[in-house]
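Undergrad: A structural model of the following input is requested.
(one chain, ligands or ions: 1)
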Amino acid sequence: MNDYEITDWGRILLGDLPGQFLLEVTIRTVLMFAVIFIGMRATGKRAVRQLSIMELVLIVGLGSAAGDPMFYNDVGLLPALVVFIVVILVYRSLTRLAAKSIKMEKLIEGESFLIVENGEFTIDSFNKEDLGQDEFFMEMRIKNVEHLGQIRKAYLETNGQVSIFFYEDEDVRPGLPLLPELFRQRSRTITRTATYACTFCGNVKDLSPQEGFHVCPKCSRSTWVSALSSRRVK
Ligand SMILES: [Zn+2]
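TA: Okay, here's the model as predicted:
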């Protein structure tokens, strides 16, 4: 560090390698690109939209092995190739195991989870802390759902997506609004007689003004918001 200079642009741009190394980086990158591409094809996946935990582990494993040999002059390509082969073999054997046994599948991929049934959140979903309500509301809105009463069943899938099964128009019931500007009008005090939805569990009740709070019979909370009963626009 004797002749250290902060404005040493040669060192900043190239490190202590000769300019030719950039050509080697190009060759290394092309080769690793081919390895990554062949590797991803070998996983048997067709495309990646949202990742299950397993796939995330796969990508992280491959990703960290893929980058280094592209630009570190002292890292060879073969160790990365071995990492690729091993990670993909492990991934493929685990997915094969998951396909053979339901128990293994639950262990490896997780389980899809019923979160809405008959226009209300399921009791089980209350305890599911990792299911953020905001995030879930967003998922629903992206699928053009205005309120929970339109939903017969919804599942949180293992890849993080939500699948929704709707009521027929004539069966749509009043439900918890998912639109932020309506949801924000929630209150613990009921000022007029109307149909309300519990903001926590989606339980729907006709309420009238009274002394004290209305306690939700399903989840024992007491914040309410006017229920919506609009049908879906198709
Ligand atoms: Zn409730």
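Undergrad: quick one: contacts of the lowest-mean-pLDDT helix or strand in the chain?
TA: One helix or strand of the chain scores below all others by mean pLDDT, DSSP states H and E: helix 123-126, with a mean of 72. Contact with helix 123-126 is made by 113-116, 131, 200-201, 218-219, as judged by C-beta atoms under 8 Å, 6 or more residues apart in numbering. Where C-beta positions appear, they are placed from N, C-alpha and C, glycine not excepted.
Undergrad: report the central residue of the chain.
TA: The centroid of the chain falls nearest to Gly160 when counting by C-alpha atoms, centre = their mean (3.7 Å).
Undergrad: mind checking how far it is from Thr26?
TA: For Gly160, the distance to Thr26 equals 37 Å [C-beta to C-beta, to the nearest Å].
Undergrad: kindly report the same for Ile12.
TA: As judged by C-beta to C-beta, Ile12 and Thr26 stand 20 Å apart.
Undergrad: re earlier: which residues are in contact with the residue nearest to the centre of the chain?
TA: Going by C-beta under 8 Å, 6+ apart, the list of residues near Gly160 reads 50-51.
Undergrad: let's see 10 Å
TA: 49-53, 110, 135, 139 (C-beta atoms under 10 Å, 6 or more residues apart in numbering).
Undergrad: what about the helices in this structure?
TA: Using DSSP state H, the helices of the chain run over 9-14, 21-42, 53-71, 77-100, 102-109, 123-126, 133-142, 180-183.
Undergrad: lowest mean pLDDT across those helices, which one is that?
TA: Lowest mean pLDDT within the helices of the chain: helix 123-126, at a mean of 72.
Undergrad: quick check: the residue nearest to the centre of the chain vs Leu51, distance?
TA: To Leu51, Gly160 is 8 Å away according to C-beta to C-beta.
Undergrad: one more: Phe213?
TA: 43 Å.
Undergrad: what does the chain have sitting close to the ion?
TA: Applying C-beta under 5 Å from the ion, we find that the chain lies next to the ion at 198, 200-201, 203, 216, 218-219.
Undergrad: can I see the domain layout of this structure?
TA: 9-107, 115-226 (automatic domain parsing).
Undergrad: ends of the shortest one, how far apart?
TA: Start-to-end span of domain 9-107 (C-alpha to C-alpha, to the nearest Å) is 52 Å.
Undergrad: can you give me the distance of the closest residue to Val145 other than its chain neighbours to Glu170?
TA: Of all residues not flanking Val145 in the chain, Leu178 sits nearest, at 6.0 Å (C-beta to C-beta, 6 or more residues apart in numbering). Distance, Leu178 to Glu170, using C-beta to C-beta: 21 Å.
Undergrad: between these two, who's got more neighbours?
TA: Higher neighbour count among Leu178 and Glu170: Leu178, with 22 against 6, using other C-beta atoms under 10 Å.
Undergrad: next up, the contacts around the more buried one.
TA: 133, 136-141, 145-148, 150-151, 202, 228.
Undergrad: ok, Glu24 next?
TA: 17-18, 70-71, 73.
Undergrad: over to Asp68?
TA: 28, 32, 74-77, 79-80, 83.
Undergrad: go with 6 Å
TA: Asp68 makes contact with Val75, according to C-beta atoms under 6 Å, 6 or more residues apart in numbering.
Undergrad: any idea how far it lies from Ser208?
TA: Distance from Asp68 to Ser208, by C-beta to C-beta: 68 Å.
Undergrad: next, count neighbours for Ala99.
TA: Using other C-beta under 10 Å, Ala99 has 12 other residues around it.
Undergrad: use 8 as the first number for this chain going forward.
TA: Done: numbering now begins at 8, and the last item shifts to Ala106.
Undergrad: all set, thanks.
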